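S.K.: Provided below are the primary sequence and the corresponding predicted coordinates.
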Amino acid sequence: MLRHHLPEDLWRSSSYSADNGGQCVEIQTVDAGDIAVGDSKDRARGAFVFAPTAWTSFVNHLKRDAD
């Protein structure tokens, strides 16, 4: 699902994001605990929204690959 017009002040970047002028992926929690994922340099495009279980699975997969 794609969402638009999410609150600007709720976006957060990963602690692993470099200080590169705001060019990163950001997330925020939306209704029912879903996770919105958006592009910090083009928020007008909207954000993809994932169920918490799908997001957790994705993040865990990334962590395993990083090891």
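M.R.: All right, it came through fine.
S.K.: burial of Trp55, as a residue count?
M.R.: A count of neighbours around Trp55, defined by other C-beta atoms under 10 Å, yields 18. Any C-beta I mention is one placed from the backbone N, CA and C, and that applies to glycine too.
S.K.: helix, strand, or coil at it?
M.R.: helix (DSSP: H, G, I helix; E, B strand; the rest coil).
S.K.: do a quick rundown of the helices in the chain.
M.R.: Remark: helices assigned in the chain by DSSP state H are 52-66.
S.K.: what residue ranges in this protein score low on pLDDT?
M.R.: By pLDDT under 70, the weakly predicted segments of the chain are 16-23.
S.K.: can you give me the strands for it?
M.R.: Using DSSP state E, the strands assigned to the chain run over residues 2-3, 12-13, 25-29, 35-39, 47-50.
S.K.: buried stuff in the third one?
M.R.: When you say that, I think you mean strand 25-29. Going by neighbour count (16 or more other C-beta atoms under 10 Å), the buried part of strand 25-29 is Glu26, Ile27, Gln28.
S.K.: and what of the fourth one?
M.R.: Neighbour counts over strand 35-39 (16+ other C-beta under 10 Å) mark Ile35, Ala36, Gly38 as buried.
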